[in-house]
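**Student:** Dropping a prediction and its sequence here:
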Amino acid sequence: MAAHTPEQTTAGTHAKKRRCAEAALRYIDPGSVLGVGTGSTVGYFIAALAARPGLIRAAVSSSTATTALLRSAGIDVFDLNDVGTVHLYIDGADQATRARHLIKGGGGALTREKIVAAAAERFVCIIDDGKLVDTLGSFPLPLEVIPMARTLVTRALAARGGRAEWRRDFLTDNGNQIIDVQGLPLADPPALERELDTLTGVVTVGLFALRPADVLLVGTATGVETI
């Protein structure tokens, strides 16, 4: 059997992302205010949403990049403070398990993503099957930190066996910095999320386990798996 070329692999991944993004449309209540996350798969979702004008009343966005995409698609964007509860939040992930635990933050929007997820009654996560894993951790875990606490947090992570790397020349939409860490034990994601949340200087941990996705839509070569 011939090996797939990089172009074929890339095209296949794009098709998987598009499938799960389009499948997420069926979870939307017409006329609602929708929470929208950040990332490449969410870009496909916004394109699908733009093809259905009038499906939603407006959106709450998790990043300035997503806000720009939504507005370019003709979708109004509200401040979460003016909305209160969001009925549905759609977002991607960098890694996910069948327990619907996630690592997020590769794009640096983890804090606002976690805020909108916390405000949402239901969280539908959309990924391609290359991001579905048995155990989280091969993708570095992002932590948003207050800039003056970066080395303090790095030392605390090292004491726990973590290998932390500062994401240089990058600031979040909140004006903070990102540390990406590998080597931490991730057999119990909720426990690790609780522990890292207590570190002074940490704004947000990129583990979404205490509030996992309610539904995981996984784009595959043949369709969409619902978990």
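**Tutor:** Received, thanks.
**Student:** moving C-terminal of the strand ranked longest in the chain, what's the next helix or strand?
**Tutor:** Scanning the chain for the strand with the most residues, using DSSP state E, yields strand 120-128. Using DSSP states H and E, the next helix or strand after strand 120-128 towards the C-terminus is strand 141-145.
**Student:** which regions of the protein lie under the pLDDT threshold?
**Tutor:** Low-confidence segments of the chain, defined by pLDDT under 70: 1-9.
**Student:** do that again at 80, thanks
**Tutor:** Residues of the chain meeting the criterion pLDDT under 80: 1-11, 84.
**Student:** what domains does the record give for it?
**Tutor:** Domain ranges of the chain: 6-132+211-226, 141-206, per automatic domain parsing.
**Student:** Just name the most buried of those domains.
**Tutor:** Mean neighbours per residue, mean count of other CB atoms under 10 Å, is largest over those for domain 6-132+211-226, with a mean of 19. Placement of C-beta: from N, CA and C, glycine included.
**Student:** Please, where are all the helices along this structure?
**Tutor:** Ranges of helices in the chain, per DSSP state H, are 6-23, 40-50, 64-72, 110-119, 150-159, 189-197.
**Student:** Which elements pack onto the fourth one?
**Tutor:** For helix 110-119, the elements it packs on are strand 33-36, strand 58-61, strand 86-91, strand 141-145, strand 202-205, judged by 3 or more CB pairs under 8 Å, 6 or more residues apart in numbering; DSSP states H and E.
**Student:** Likewise for the last one?
**Tutor:** Of the remaining helices and strands, those touching helix 189-197 by 3+ CB pairs under 8 Å, 6+ apart are strand 202-205, strand 207-208.
**Student:** before we move on, what about the longest one?
**Tutor:** On a contact count with 3+ CB pairs under 8 Å, 6+ apart, helix 6-23 meets helix 40-50, strand 120-128, strand 215-219, strand 224-226.
**Student:** Adding distance to P147, write these out as a markdown table.
**Tutor:** Formatted as a markdown table, these follow (distance: least, CB to CB, whole Å):
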| stretch | distance to P147 |
| --- | --- |
| helix 40-50 | 27 |
| strand 120-128 | 29 |
| strand 215-219 | 34 |
| strand 224-226 | 40 |
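**Student:** Nearest approach to L69 belongs to which of these?
**Tutor:** Closest approach to L69 among the helices and strands packed on helix 6-23 (CB to CB): helix 40-50, 4.9 Å.
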